[in-house]
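*Asks:* My questions concern the predicted model and sequence given below.
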Amino acid sequence: MTVFLKVTMTTLLLLLISFIPFAAHAEVDWEISSAIQLDETPIDVARAQGGELTYLLTDQAKVLIYSAAGRLVGTIPVDPSVTDIAISTKGEQLYLINSQRKTLKTVDIDFIVDFNIAGSPFLGPADAKIVVAVFSDFQ
């Protein structure tokens, strides 16, 4: 074989090898960060962007709302035919999806918090309701 032929065959062989796909293998490091024992069977789960709350659709037609610490902070009754849920980015709306009926319902979410005002000065009725507005998205 001539030198030219050897170089040409070697070049072709290298080109062919470069087109062979190689499978990459990577290891995954994982650990369970939390676990909650449930009384109902979960169907779907959604979490808002901040991750403070987790919304869990159960087979008992409820959406259970858990804090990041795993404490149940609220329950929303839903239609038994709801098949999936999703949450808006900031967590202010819950989307109830019914695949069989082809419906999407939007639920606005607000949390009611009791404040202990015992011994605090006030003006007006003692049982008057208040609204606390949190502006967290201004610049």
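*Replies:* Received it, and whenever you're ready, just let me know what you need. Numbering: from 1, shown residues only.
*Asks:* for this protein, what spans make up the helices?
*Replies:* 3-18 (DSSP state H).
*Asks:* Could you check how far the closest residue to I87 other than its chain neighbours is from I85?
*Replies:* Leaving aside its sequence neighbours, I87 sits nearest to A46 (CB to CB, 6 or more residues apart in numbering; 4.2 Å). Backbone N, C-alpha and C define where each C-beta goes, glycine included. According to CB to CB, to the nearest Å, A46 stands 5 Å off from I85.
*Asks:* now swap in V113 and tell me
*Replies:* 23 Å.
*Asks:* Could you list the buried residues of stretch 121-134?
*Replies:* The neighbour-count check on stretch 121-134 (16 or more other CB atoms under 10 Å) flags nothing as buried.
*Asks:* can you start the count at 755 instead of 1 from here on
*Replies:* In the new numbering, first residue 755, that becomes stretch 875-888.
*Asks:* And the residue nearest the centre of this protein?
*Replies:* Nearest to the geometric centre of the chain sits R801, at 2.4 Å (CA atoms, centre = their mean).
*Asks:* Need the pLDDT of that residue.
*Replies:* As predicted, R801 sits at a pLDDT of 89.
*Asks:* OK, contacts around it?
*Replies:* If you count contacts by CB atoms under 8 Å, 6 or more residues apart in numbering, R801 has them with 807-809, 841.
*Asks:* S842: neighbouring residues, count only.
*Replies:* Neighbours of S842 under the rule other CB atoms under 10 Å: 15.
*Asks:* is it true that it touches V861?
*Replies:* No: using CB atoms under 8 Å as the test, S842 is too far from V861 to be in contact (10.2 Å).
*Asks:* how far away is F889 from A872?
*Replies:* Distance from F889 to A872, by CB to CB: 28 Å.
*Asks:* ignore the last one, T857
*Replies:* 46 Å.
*Asks:* who's more crowded, those two?
*Replies:* Applying other CB under 10 Å to T857 and A872 shows that T857 carries more neighbours, namely 12 against 5.
*Asks:* so the more buried one bridges to which residues?
*Replies:* T857 forms beta bridges with N852, as assigned by DSSP bridges.
*Asks:* So for it, what pLDDT did the model give?
*Replies:* 93.
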